[in-house]
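Asks: Structure for this input, please:
(chains A and B)
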Amino acid sequence: MDVIVLVSFERDGVPRIDAASSRALDAAFRFAEDAGLGTVAAGIGGMDCSEALSMSGAERNVLLSDPVFEKSDIGALARIFAASMGGREWIVFCGNKILTGYLSGMLGMPHLCSLAAIGNGSVGVFLNDGFSYRRRIDGPCCVHVLDSVGWPPRTSRRKAAEAFGSDDLGLGRLSVGAEGSLTVSDPVADDSPAKRGGRAALLGFMGACR
Amino acid sequence: MKTCPGGSCGLSCSDGTCGGTCPDGTDEVRLPPGMLSVYDIDQEIADGAMVFIDNFGDERDVAGLVEAISDHPGQVFGVVFGGLDLKSEYPRYISMGLDTLYHVRNPRLTEYNPEGCAGAIAELWERVRPASIFFNSSGVGRELAAMVAGKLASGIADGASSARFRGRDVSVRVGTDEISFRGYPQIVVWDDSTLPNPAPSGSKKGTTVNRPYSHPSEIVPLEASDAGGCVFVGEGCDGRAVLLARDFAEEAGVGLHEPGKLYGRCVLVCPSEAEYLSVMAARKICLFDGEPGFRVGRSDSAGRLSDLSG
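Replies: The predicted structure is shown next:
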C-alpha cells in the first residue's frame, strides 16, 4: 500500500499544480513520511503539464494524458484515476472533495473528509461542518485535504513524469472524455445589454475589416 | 388491478372501489380523474425529485431548496436521518414543501457517518427512483452527494444557482455554464447562498415513511494486538473516567468516543449494547456491559480486551 495524490493543474499560461493540489501533496508527503509509505503523484492533463508534475516532490509522477480525456466530468475523471491505480491498495489524497467523494463511493472505500492536521501515529484530525474527529489512517481510503489549512512545505525534488494514455489504462472512448461523461456542460450565453452591445460592436468591427 | 368489465375503455382501478362508468354505458371501475397523469407508474424512473435534509449540526435550508426546484413536474421526496425523537419534526418538514418524507431510522445512523448515510440514500434511490437528487452545499451535503453519485455511477453538478426543467430532466446553472445530464439520477449540489427564502406552508399535506436501514458493516472481533488502539467511554462513566480516557486517547493517538459525540470511525469498545447500537462506523467493534461508575484505565482496557479476544 502506498500514497497516491490526485493533482490538477492551473492552466493560465504555463501549467502549474493548483493550490488545493499543492496542499494535498504537502499533507500526503507528511503522512507518507511518518507512515513509511511510497508516494505517487498522478495528474490528468496535456503533455505540457509534464514539467509541472515532475516538480511535485513525489517519488513517482504519473501524467495521464490523452486527447480522449478532454472534457471529462467528475465521474470520468474518477474512472481515469481509478484505472491508473490498477487493482492495488492505495491511500488517496486529493484537494477536491467532490472527486474524493465520488472515487470513494465508486470504489467502496472509506471517505475521510476535510483533513486539517496529522498527529503522531498517522492520526488525522478532520473538520467537516463543525464536526471534528480523529481517525488513524491505516488502510485504503480517500482523504480529502482541507483547503484552508497550511502544511509544512514538502521537500523539493524533481522526477520526470511518466505518461500514460487511454490504451495503457484500458479505457475506451465511451467511458471517458466528453462521450463518456454523464454531464454535459455548455457555456451560458450572456445576454446582458452590455454584452450585446459589445458583441454588436465586435461584429461591426469585423465587418469593417472584410 | 381491475379493468373495465366490458374491456372497451381500457380504464383501470387499483382496488375496484371507485365505481365509475364506461363511456359505452357498461359498469366499470376506474381511477379518479387525472390520477393516471399524476402517477405515471409505468416507467423505470419517476418524475419526482429527492431532497436530502441535512440535520447534522445546524439544519440547512430545506424549504429554500424545495422552492428552488418548484418547477419540476413530480413529487418531492425528502430523506432525513435520525432517531425516534425526529417524529415530532415531521409536520415541520412536510410544511417545507415535501410530498413524502423518508425517515431513515437505524440506531447506528443517528450520528453522521458518510458511508452509512450515502449507502442509505443510494438504496432509497434504487427503491423510489426519482429522476434527480438535490443536496445543500454544506460540507456534509457535498460529501454525501459525491459519494452517492459514485455509488450510483451518475452525473453530478456542484454549485448550482438555478435550475430549468424539461419534464423530469433538469439542467442547472453552475457559474457561467449550464450543466445537463445523461442518465439518472441527476445529482445536484445547490449553492446555499443562492437559495430563495420561502415561508413554510402550514396547510401542506404529505406522507411520512419510516424506512429501516440495515448497514452492512462488518463487526470484527478484537484481537489482543488491538488493545493499544481502543478507548471506550460510555454512559456509565463519570467525569474522571472521561478525563482519563481523553488522556489515554491523546497519548495513544487513537479515536475517542464519548456519548453523543461520536463522529467518524475509530476502534472502540462500547460499554453497553445501547452504545453499540449507536455506533456503526467502527472498523472493529466489541461490546460488553459497563456498570455505572465504570473506571477507565490503560490496564483496564488491556485486560478487558485481552479477555475478549480470548
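
Asks: per-residue confidence for A:Gly150?
Replies: We have a pLDDT of 79 for A:Gly150.

Asks: Just name the shakiest helix or strand of chain B by mean pLDDT.
Replies: strand B:285-287 (a mean of 34; mean pLDDT, DSSP states H and E).

Asks: Based on its surroundings, how many neighbours for B:Gly64?
Replies: B:Gly64 has 18 neighbouring residues, counting by other C-beta atoms under 10 Å in any protein chain shown. Heads up, the C-betas are built off the backbone N, CA and C, glycines and all.

Asks: How about the secondary structure of it?
Replies: helix (DSSP: H, G, I helix; E, B strand; the rest coil).

Asks: Kindly report the same for A:Leu25.
Replies: State at A:Leu25, reduced to three classes by three-state DSSP: helix.

Asks: Tell me who's in contact with it.
Replies: A:5, A:7, A:17, A:41, A:56-58, A:93, A:154 (C-beta atoms under 8 Å, 6 or more residues apart in numbering or on different chains).

Asks: could I get the residues you listed as a markdown table with pLDDT and distance to A:Met47?
Replies: Shown next, in a markdown table, are the contacts of A:Leu25 (pLDDT from 0 to 100; distance: C-beta to C-beta, whole Å):
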| residue | pLDDT | distance to A:Met47 |
| --- | --- | --- |
| A:Val5 | 96 | 20 |
| A:Val7 | 96 | 15 |
| A:Ile17 | 95 | 16 |
| A:Ala41 | 96 | 16 |
| A:Ser56 | 94 | 16 |
| A:Gly57 | 93 | 20 |
| A:Ala58 | 94 | 18 |
| A:Phe93 | 96 | 24 |
| A:Arg154 | 82 | 24 |
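
Asks: quick one: the helices in chain A?
Replies: For chain A, the helices defined by DSSP state H occupy A:19-35, A:50-54, A:74-85, A:97-107, A:166-169, A:177-180, A:193-209.

Asks: Going by neighbour count, list what's buried in stretch A:26-34.
Replies: The neighbour-count check on stretch A:26-34 (16 or more other C-beta atoms under 10 Å in any protein chain shown) flags A:26-32 as buried.

Asks: Quick check: can you name the pairing partners of the longest strand along chain A and their directions?
Replies: Longest strand of chain A, by residue count under DSSP state E: strand A:111-119. Applying DSSP bridges to the sheet, strand A:111-119 is found paired with strand A:123-128 (antiparallel), strand A:141-145 (parallel).

Asks: Burial check on the residue nearest to A:Glu10 when sequence neighbours are not counted, number of neighbours?
Replies: Nearest non-adjacent residue to A:Glu10, counting by C-beta to C-beta, 6 or more residues apart in numbering or on different chains: A:Asp18, 4.6 Å away. By other C-beta under 10 Å, the residues close to A:Asp18 number 18.

Asks: which residues touch A:Asp18?
Replies: A:7-10, A:95.

Asks: burial measure for residue 65, as a count.
Replies: Going with chain A. 20.

Asks: wrong one, I was asking about chain B
Replies: Neighbour tally, B:Leu65, other C-beta under 10 Å: 28.

Asks: chain center to stretch A:29-48, what's the gap?
Replies: 11 Å (C-alpha atoms, centre = their mean, to the nearest Å).

Asks: which one is A:Glu70 nearest to, not counting chain neighbours?
Replies: Going by C-beta to C-beta, 6+ apart, A:Glu70 has A:Gly177 as its nearest residue, at 5.8 Å.

Asks: A:Ser21 now?
Replies: That would be A:Val7: by C-beta to C-beta, 6+ apart, it lies 4.3 Å from A:Ser21.

Asks: Fine by me, thanks again.
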